[in-house]
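>>> take this sequence and fold it.
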Amino acid sequence: MKFHQLFVPLVAGFLSLALLPASGQDIAAGKAKAQACAACQDYKEGRRTDPVMTPMATSLSRQEMIDIANYFAAQPAKPSTYKTDDAKIKLGKAKADETLCSMCHLGAFAGQNEIPRVAGQQYDYVVKQLRDFKARKRTNDAGNMTSVAQTLSDADIENLAQYITSLR
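Below you'll find the model as predicted:
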């Protein structure tokens with residue numbers, strides 16, 4: 001399989017977190033979009049690992065990461081096709097309120113600064129990230145998500161993922 005055939009779908013899925021509208025030469029918008037590159041930088045610097053993404057990010061320059069982030073940020077977000085369960089969404093919202101998720105991710109999980117927008121993110125991705133934080137496989141969060149994830153049961157993780165996926 002060619003590099004771009006593997007790289008583009010993976011980065012597209014990951015950078016769908018950006019979900020920010022593209023705008024021409026707007027420096028502030030460019031800075032916000034480039035923050036999605038922090039994930040590539042984290043792979044490049046070893047703060048986050050993945051058998052596919054780590055080797056790809058290692059060879060990228062900062063400008064290449066910014067260019068890739070800007071490209072994906074300009075793409076329309078694909079809505080999740082995951083069929084959510086209303087009862088689990090309700091439980092997930094209750095857990096999100098209990099763990100004060102909106103203190104960092106803001107209302108409607110829109111994100112801020114280096115805290116990503118997770119509203120509408122793909123269910124499987126949310127589950128994987130929460131499990132990785134809980135297992136301390138993902139540690140690029142200054143300890144915040146790792147601490148929160150330690151308090152979550154498997155059911156909590158699944159319910160939170162249902163809730164987050166249902167947000168638009």
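>>> in this structure, where is pLDDT below threshold?
Scanning the chain for pLDDT under 70 picks out 1-39.
>>> which elements pack onto whatever helix or strand residue 71 lives in?
Assigning secondary structure by DSSP states H and E places residue 71 in helix 62-73. Packing contacts for helix 62-73, counted by 3 or more Cβ pairs under 8 Å, 6 or more residues apart in numbering; DSSP states H and E, involve helix 3-15, helix 27-34, helix 38-44. The C-beta positions use only the backbone N, C-alpha and C, and glycine is treated the same way.
>>> next structured bit after the helix or strand hosting residue 96?
Following DSSP H and E, one finds residue 96 within helix 86-98. Using DSSP H and E, the helix or strand that directly follows helix 86-98 along the chain is helix 102-105.
>>> for residue 136, which non-adjacent residue is spatially closest?
Take residue 136 and drop its neighbours on the chain: the residue closest to it by Cβ to Cβ, 6 or more residues apart in numbering is residue 146, 6.1 Å away.
>>> which strand or helix spans the one you found?
Applying DSSP H and E, one finds residue 146 within helix 144-150.
>>> after that helix, next one along is what?
helix 154-166.
>>> pull out the buried residues from that following helix.
By 16 or more other Cβ atoms under 10 Å, the buried positions in helix 154-166 come out as 156-166.
>>> now swap in stretch 104-121 and tell me
Neighbour-count burial for stretch 104-121 [16+ other Cβ under 10 Å]: 104-105, 109-111, 115-121.
>>> please apply the same query to stretch 130-148.
Neighbour counts using 16+ other Cβ under 10 Å place 130-134, 138-141, 145-146, 148 of stretch 130-148 among the buried residues.
>>> so what touches it?
42, 47-49, 99, 101, 104, 129, 149-150, 152, 157, 160-161 (Cβ atoms under 8 Å, 6 or more residues apart in numbering).
>>> quote the end-to-end distance of that stretch.
9 Å (Cα to Cα, to the nearest Å).
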